[in-house]
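Visitor: What follows is a predicted structure for the sequence shown.
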Amino acid sequence: MPTRPSQTADPRRRDRATARAFTLVEVLIVVIILGVLASIALPRFADATDGSRQTAFVTDLHNFNKAANIYTHENGQYLEDSSTGAVPTGFENYINVEGWTRDTPIGGRWDAEQNSYGFTSSIGVHFDNAAQARDDTYMSQIDAMIDDGNLATGAFQKLDADRYYMIVVR
């Protein structure tokens, strides 16, 4: 049986094997290209995350608004005015209490108002912590998902410097 020459014995084979390896410069170029691509893509992922938070907030707000309407219909009274983050009395039977008492998806805390700011009943977010506060531009995007995009009119309004509410009953 004939023997095969070893790979190290044939210099041509060694050169082909060496030629297939990447040089340090080639590896660095690939790393730089991947870094540039990542710097382009990451801000888009951040925007997608903000959009998800806004959508989750709108969904929660709609659910709490529907629950407030059911509460009013079944009890013959509107939700009481509660402290920010505190569940109005009797409302715990209509909502997920944990969802109400934790921060909203966009920051801030859930709040119910009765006979305040010119409305009979409203539910919304109170940014009582300046570090979590959202500006009017951000909240106008949410308003556009709910209503007319104008925080001064419609069902979702800015009631105070740090309060944005869905009007349950005018």
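Guide: That came through fine.
Visitor: Give me the pLDDT value at the most centrally placed residue in the chain.
Guide: With distances taken as C-alpha atoms, centre = their mean, the residue of the chain nearest its centroid is R53 (1.5 Å). Turning to R53, the model gives it a pLDDT of 92.
Visitor: ok so it is a helix residue?
Guide: Yes: counting by DSSP: H, G, I helix; E, B strand; the rest coil, R53 falls inside a helix.
Visitor: Now do the contacts for the closest residue to it other than its chain neighbours.
Guide: Of all residues not flanking R53 in the chain, P105 sits nearest, at 4.6 Å (C-beta to C-beta, 6 or more residues apart in numbering). Every residue, glycine included, has its C-beta placed from N, CA and C. P105 makes contacts with 53-54, 56-57, 60, as judged by C-beta atoms under 8 Å, 6 or more residues apart in numbering.
Visitor: wait, which of those residues is closest to Y117?
Guide: F57 (19.8 Å; C-beta to C-beta).
Visitor: Mind pulling up the pLDDT for the closest one?
Guide: 96.
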